[in-house]
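> A structural model of the following input is requested.
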Amino acid sequence: MLCDVVNVLLLFIWVMHNVSLRGRYLPQSQKAAVITPVLKKPSADPDELKNQWPVSNLTFISKTIQCMVIEQVTQHLKDANLMLCLQPTDQCHHSTETALMKVLSDTLDAADLSKVSLIDLLDFSAAFETVNHDMLL
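Numbers count the residues shown, from 1 in each chain. Predicted coordinates:
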């Protein structure tokens, strides 16, 4: 079905994308999401909100515009040479593992040169648990 209307749909998405960027807003109809609670662990009590992750499913158009904006911003950062070379976010061929290997390599190189290494790490894995789930839902 999508293949039958792709030409009309692409034009509509492109116009909405451009209007959203120029006006710096997304239409109200595209700001809605279906929120589905998902248990963090299978053994957790499903009646406790703190044991669930709220997963937001955006509309197709909203997600498409998001991907287009990410692509444009990423391309701009690359063209302006502002992208960190091993930043794993939204880059092909780079991952958390790549970043970890870089840190390990740099630390070992510093140790070989008798230099001191200081690593400051932040763990945001539990940050979402501080969100007021009642207000979110």
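
> got the contact list for residue 52?
Listed by Cβ atoms under 8 Å, 6 or more residues apart in numbering, the contact set of residue 52 reads 37-40, 44, 46, 133. C-betas here are computed from N, CA, C, even on glycine.

> most neighbours out of those, which is it?
Ranked by neighbour count (other Cβ atoms under 10 Å), the contacts of residue 52 have residue 133 at the top, with 15 neighbours.

> coming back round to it: residue 111: which of the contacts of residue 52 is nearest?
Nearest to residue 111, judged by Cβ to Cβ, of the contacts of residue 52 is residue 40 at 37.7 Å.

> wait, the closest one sits on residue 53?
Yes - using Cβ atoms under 8 Å, residue 40 is in contact with residue 53, at 5.8 Å.

> flag the shaky bits of the chain, pLDDT-wise.
Scanning the chain with the threshold set as pLDDT under 70 gives 84-94, 122-133, 135-137.
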